[in-house]
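Peer 1: Provided below are the primary sequence and the corresponding predicted coordinates.
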Amino acid sequence: MNDVLPEAIARWHRVERAFREISTRYGYTEVRTPIVEPTQLFVRSIGEATDIVEKEMYTFEDRGEGMLTLRPEGTAGAVRAFVEHAVSGREPISKWSYLGPMFRRERPQRGRYRQFWQAGLECFGDPGPHVDAEMIELVVTLLASLGVQDLEVLVNSLGSGDTRARYRDALTKYFEPNRDRLSPESQRRLVANPLRILDSKSPVDRELSAGAPSLLEFLDDADREHFDELQRALTALDVKFRVEPTLVRGLDYYSRTLFEVQGRGGELGAQNTICGGGRYDGLVKELGGPDVPSIGFAAGIERILLVMGGEDRAPTIDVAVAVADAALRVDASVLLRDLRAAGLVADGDLRGQSLKSQLRRADKLGAKVVLVLGPAETERGVVQLKDLAAHSSSEVPRAEVVARVRDRVRESA
Ligand code: ATP
Ligand code: MG
């Protein structure tokens, strides 16, 4: 779990701002759900035989009132809220966004943490595939706006109805003869959830998976048409993508469209998946709501930070206030308040240090202007205005000083 210190926050804010701006442009509005939910919610929605539920959740007993879990992802809570507030009775389509910390007890590595942040979207009520393409295009637009250069979009379809069941059987048949070569984990999954073997990171599992039957051969006509239309829409939207039939992703609730965005450059290393998403047409009903087809995605903010471009300059202030005499510190406080009320970023060191040290600090904070209050000037109702960039200095009546500084700052902006 990481601390984000103030010197690093500009990059975070840049990602958050871009996410908020772009998701708003595409019609999404933010939802905020609790960071803890009943454990059963995650077990039911994510699925028993998944990495998250089997070994990654932070679960605790709520003092004799049942089990709670720190949310490992955002969809379960969003769907719970969607059902609990009967939102589908009020509008046919709901487009929700969220941004916040998630918790998974994983082995920490670069790009893999136990508390990490996700920005995500959920669109309820549209069976796609056009909204699926829109969502993928949104993600690509978001990443491009953040200067992520080298990325690859992978898409797949998990089908619907009994497609998965038929594919499961075929996979079981395929892996069965090689059962002993599979990793111990995948041997268990062969019984519980063979699709998850395709998602394994073990080299032997990967090698065996490479020859497995393709999910795409199991799609029925309607699934096939959905997937073809998705690809037509992506092409029309100028989104470059690759169909990846082994893409299954970690969560049990997906159906039809699945996608992932992988980064290539930067410092991502092995943790190169920036964003994952998919359609979960059965989940709302599974969690006690009506039949509402839906799609969502989540992007890892830390992973975006590892690949995004651009420089973030340290924040600077517009104006500093300094005093030549410690007795003038109350006057300085009032002047600072007036400057801030006018929308200026203003600060001052009012500990009673020497003027020289106050000026040094003003310079360090990047102030464009320093206002110096001295006893004689205060007596005459003026303030000394030092323009640090122009290396000039002048006296300004106290009553005019805020407007003068504002003009000066606007000029240099
Ligand atoms: P991975 O295969 O890397 O474990 P996942 O399939 O578990 O990813 P999702 O549950 O789909 O990931 O989460 C979506 C995104 O959230 C990921 O693509 C990644 O960017 C980010 N993410 C997931 N787990 C972590 C983590 N432990 N630390 C940082 N980011 C994470
Ligand atoms: Mg994972």
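Peer 2: Now that the structure is in, tell me what you want to look at. Ligands and ions are numbered 1, 2, ... in the order given.

Peer 1: Okay, and the residue of the stretch 101-250 of the chain found nearest ligand 1 sits in which element?
Peer 2: Of all residues in the stretch 101-250 of the chain, residue 116 sits closest to ligand 1, at 3.3 Å by Cβ to the nearest ligand atom. (Glycine included, C-beta is placed from N, CA and C.) Following DSSP states H and E, one finds residue 116 within strand 115-124.

Peer 1: tell me what that strand is packed against?
Peer 2: Using 3 or more Cβ pairs under 8 Å, 6 or more residues apart in numbering; DSSP states H and E, the elements in contact with strand 115-124 are helix 9-25, helix 75-84, strand 94-103, helix 130-145, strand 294-300, helix 301-307.

Peer 1: Using CSV, list the CA coordinates for the fifth one.
Peer 2: When you say that, I think you mean strand 294-300. Taking Å, rounded to 0.1, in the frame of the first residue of the first chain, the C-alpha atoms of strand 294-300 are listed here in CSV:
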residue,chain,number,x,y,z
SER,A,294,-24.6,-4.3,-18.8
ILE,A,295,-20.9,-3.6,-19.6
GLY,A,296,-18.1,-2.1,-17.6
PHE,A,297,-14.4,-1.6,-17.4
ALA,A,298,-11.7,-0.7,-14.8
ALA,A,299,-8.3,0.8,-15.4
GLY,A,300,-5.5,0.7,-12.9
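
Peer 1: got a pLDDT number for the residue of the stretch 101-250 of the chain closest to ligand 1?
Peer 2: On pLDDT, residue 116 comes in at 98.

Peer 1: how near is the nearest residue to it once chain neighbours are set aside to residue 151?
Peer 2: Distance criterion Cβ to Cβ, 6 or more residues apart in numbering; nearest residue to residue 116, sequence neighbours excluded, is residue 302 at 5.4 Å. For residue 302, the distance to residue 151 (Cβ to Cβ, to the nearest Å) stands at 16 Å.

Peer 1: Check residue 32 too.
Peer 2: From residue 32 to residue 151 the distance is 29 Å (Cβ to Cβ).

Peer 1: what about those two, which has more around it?
Peer 2: residue 151 (19 against 10; other Cβ atoms under 10 Å).

Peer 1: isn't the residue nearest to residue 116 right up against residue 109?
Peer 2: No. Counting by Cβ atoms under 8 Å, residue 302 does not reach residue 109; the two are 11.3 Å apart.

Peer 1: For those two, indicate the residue with more neighbours.
Peer 2: Comparing residue 302 with residue 109 by other Cβ under 10 Å, the one with more neighbours is residue 302, at 20 against 10.

Peer 1: In contact with that one: list those residues for me.
Peer 2: Going by Cβ atoms under 8 Å, 6 or more residues apart in numbering, residue 302 touches 2, 111, 113, 116-117.

Peer 1: Turn these into a markdown table, columns for neighbour count.
Peer 2: A markdown table is the format used below for the contacts of residue 302 (neighbours: other Cβ atoms under 10 Å):
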| residue | neighbour count |
| --- | --- |
| 2 | 12 |
| 111 | 22 |
| 113 | 19 |
| 116 | 19 |
| 117 | 22 |
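
Peer 1: These into a markdown table, with extra columns for distance to residue 162?
Peer 2: A markdown table is the format used below for those (distance: Cβ to Cβ, whole Å):
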| residue | distance to residue 162 |
| --- | --- |
| 2 | 44 |
| 111 | 37 |
| 113 | 38 |
| 116 | 36 |
| 117 | 37 |
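
Peer 1: which residues does the residue in the chain positioned nearest to ligand 1 contact?
Peer 2: At 2.3 Å from ligand 1, residue 300 is the closest residue in the chain, using Cβ to the nearest ligand atom. Counting by Cβ under 8 Å, 6+ apart, residue 300 makes contact with 111, 116-118, 273-275.
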